[in-house]
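Visitor: here's a sequence, model it:
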Amino acid sequence: MQQEEQQEAKPYKTDLISEELDYEVLENGDVKVTQNIKKEITWSSREFTSLLRQNEQALGMFKDAQSEETLKKMKDQEGEVQKVITTLKPFVVKSEIKQKAEYERLRHEGLLTNLKKGLEAKETNLAWFQTIWMRTKEELKKPVLAKLDAEENAKLLKIMQKLKRKGLK
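Guide: Purely as a prediction, here's the structure:
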């Protein structure tokens, strides 16, 4: 047999007696609305008893959570978590350093690959050179330029002069 989950107690009748709204404009321009509602709620005896028991159960759970035994368990768990954090922290630092180096390597390779593709293309994509290459910081360009051969450097120089003549630099 399956145990049925106890449903939350609900009143069987709720009537709105009165509602009052107050509006106030605050100094910053926001509007504060205060709503006062008076309701009449009717509970069946069984549901109202159930509501009381639910509140008593919640209070008991709250008291259990504050018991010395629970607090001691939480303190022990805090120590264990602190040990795990202490163990993981050096690995995270190493990982972040390697991740940054890998990001820089991939950025450098991507820039070099795209630059070479742009230089080898039959039709020069001036938009790429204008939006990407010209906006790339000099410290990122230097290692890429060092890997280009003389012919590729000459092509790049011609493209940059073309952009300069168009007034795009």
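Visitor: next one: phi and psi at the residue nearest the centre of the chain?
Guide: Closest residue to the average C-alpha location of the chain: Glu96 at 18.3 Å, with CA atoms, centre = their mean. Backbone torsions of Glu96, given as degrees, to the nearest 10, read phi -60, psi -40.
Visitor: can you tell me how far it is from Tyr23?
Guide: Using CB to CB, to the nearest Å, Glu96 is found at 52 Å from Tyr23. (Each C-beta comes from the backbone N, C-alpha and C, glycine too.)
Visitor: quick one: pLDDT of the residue located most distally from the centre of the chain?
Guide: In the chain, Ser45 marks the outermost C-alpha relative to the chain mean, sitting 48.0 Å out by CA atoms, centre = their mean. pLDDT for Ser45: 85.
Visitor: same for the helix or strand harbouring Lys38, what does it pack against?
Guide: Secondary-structure assignment from DSSP states H and E places Lys38 in strand 31-42. The contact analysis (3 or more CB pairs under 8 Å, 6 or more residues apart in numbering; DSSP states H and E) places strand 31-42 against strand 13-25.
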